[in-house]
Structures are given as structure tokens and as C-alpha cells.
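In: Prediction below, plus the sequence it came from.
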Amino acid sequence: MSRVRIPPTLRTETEGAREVEAKGGTVRELLDDLMSRFPALRGQLLAEDDLAPFVNVYVEGEDVRTRDGLETPVEESETVILLPAMAGG
């Protein structure tokens, strides 16, 4: 299983967890596993079956948008970070 780090703004949807384990060979599969246990995350992470424009996902520190998006491979020991964009100035 991979570790998924949850930012403070999403922890209410994960029952306060800072980090959870999820399984999947790609970012999409991993997020599907995560959202099956924490359904409220779906509206926070996805828009029309793709990453929401205001959400960044990193696999081992690399933005998945610079790789294969939701089809980016995830190895079992890798860390995935969810990071919603912050508004303000």
C-alpha cells in the first residue's frame, strides 16, 4: 500500500487522519480506493472524472500533471501528497 498525506483542509473528510494508506497501481486507482472509504473526498478531488483544476497531486514529490495525470504509476512504497490550491493574495 502507498501512503497518502492529507492536508489540513481535507482532514475533516478523512476523520482527522494526516496520512492514510491506499492501494492502486495508478493515481486513479489509488484515489478510487481512498474515495471508496472517504466518499466526501470525491467532490474535493475530481471534476468530471479528472483532477479538479484546483487540486495538485504529487507522487514522490513530482506533480502528476507533468507525468501521466491520473494514469501515473504508483509503486506500493511511494508517498502521494494531496494538495488543494489555496486562494488569496
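Out: Arrived safely.

In: Can you tell me what sits against the top helix by length along the chain?
Out: Secondary structure assigned by DSSP state H gives helix 27-37 as the longest helix of the chain. Identification of contacts with helix 27-37 by CB atoms under 8 Å, 6 or more residues apart in numbering yields 2, 4, 20, 22-24, 41-42, 45-46, 57, 59, 64, 69-72, 74, 80. The way it works is simple: take the backbone N, C-alpha and C, and place the C-beta from them, glycine included.

In: So which of those are in strands?
Out: Restricting the contacts of helix 27-37 to those inside strands, with DSSP state E as the criterion, leaves 2, 4, 20, 22, 46, 57, 59, 80.

In: sorry, back to before: which parts of the longest helix of the chain are buried?
Out: The neighbour-count check on helix 27-37 (16 or more other CB atoms under 10 Å) flags 27-35 as buried.

In: Dump the residues you listed to TSV, plus pLDDT.
Out: Shown next, in TSV, are those (pLDDT from 0 to 100):
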residue	pLDDT
27	98
28	97
29	98
30	97
31	97
32	97
33	97
34	97
35	97
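
In: Can you tell me which of the residues you listed is nearest residue 50?
Out: Relative to residue 50, the closest of the buried residues of helix 27-37 is residue 28; by CB to CB it sits at 9.6 Å.

In: do you know how far residue 40 is from residue 14?
Out: Distance, residue 40 to residue 14, using CB to CB, to the nearest Å: 9 Å.

In: who's more crowded, those two?
Out: Legend: neighbour count by other CB atoms under 10 Å for residue 40 and residue 14, higher for residue 14 (18 against 11).
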